[in-house]
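Structure for this input, please:
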Amino acid sequence: MAKVRSARQAGKSAAAICDTKKRVKKSSPKIAVRDLTLEDAETPRTAPQLAALLADSGAGTVPAETIRRHLREGAPADSRGRISLTAYAAWLLVRLGDSHANERK
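Here you go, the predicted model:
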């Protein structure tokens, strides 16, 4: 296992580290995050609508094609192919748990 070195051991001064943090902070885009309501979470949506909701909430970018692929792989959807954020999140958690269980075997 590699040894973790401090910034000083890596040859960086405290001033250089602070300067880097300032540049990153200044260049970071401002993301307008909005709170999700229960209605947002429970309303069935199409893949592009769900992708937009996730992006608007600040949860990150999930391409609509990824959500469509997940629907083909068994994510729960209604008869019109729409999925709620709650159902999608629960399905992802179960899937994540399954993948971790398989890694431990």
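
What residues does the closest residue to Arg45 other than its chain neighbours make contact with?
Once flanking residues are discounted, Arg45 sits nearest to Arg82: 5.6 Å by C-beta to C-beta, 6 or more residues apart in numbering. From N, CA and C alone the C-beta is placed, and that goes for glycine too. Contacts here follow C-beta atoms under 8 Å, 6 or more residues apart in numbering; on that basis Arg82 touches Pro44, Arg45, Thr46.

okay, the residues you listed in a markdown table with neighbour count, distance to Val94 and secondary structure next?
What follows is the contacts of Arg82, written out as a markdown table (neighbours: other C-beta atoms under 10 Å; distance: C-beta to C-beta, whole Å; DSSP: H, G, I helix; E, B strand; the rest coil):
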| residue | neighbour count | distance to Val94 | secondary structure |
| --- | --- | --- | --- |
| Pro44 | 17 | 19 | coil |
| Arg45 | 17 | 20 | strand |
| Thr46 | 17 | 22 | coil |
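
distance of Arg80 from Ala47?
12 Å (C-beta to C-beta, to the nearest Å).

Let me see the mean pLDDT of stretch 94-105.
The pLDDT scores in stretch 94-105 average 74.

ignore the last one, stretch 58-77
Here stretch 58-77 scores 92 as its mean pLDDT.

buried set for it?
Across stretch 58-77, burial judged by 16 or more other C-beta atoms under 10 Å covers Val62, Ile67, Arg68, His70, Leu71, Ala75, Ala77.

Now the two most distant members of those.
Val62 and Ala77 (15.6 Å; C-beta to C-beta).

Counting by contacts, list what the longest helix that the chain contains packs against.
In the chain, taking DSSP state H as the definition, the longest helix is helix 85-104. Packed against helix 85-104 by the contact rule (3 or more C-beta pairs under 8 Å, 6 or more residues apart in numbering; DSSP states H and E) you find helix 38-42, helix 47-56, helix 64-72.

In TSV, list the ones you listed along with distance to Leu93.
Listed next are the helices and strands packed on helix 85-104 as TSV, based on distance: least, C-beta to C-beta, whole Å:
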stretch	distance to Leu93
helix 38-42	14
helix 47-56	15
helix 64-72	13
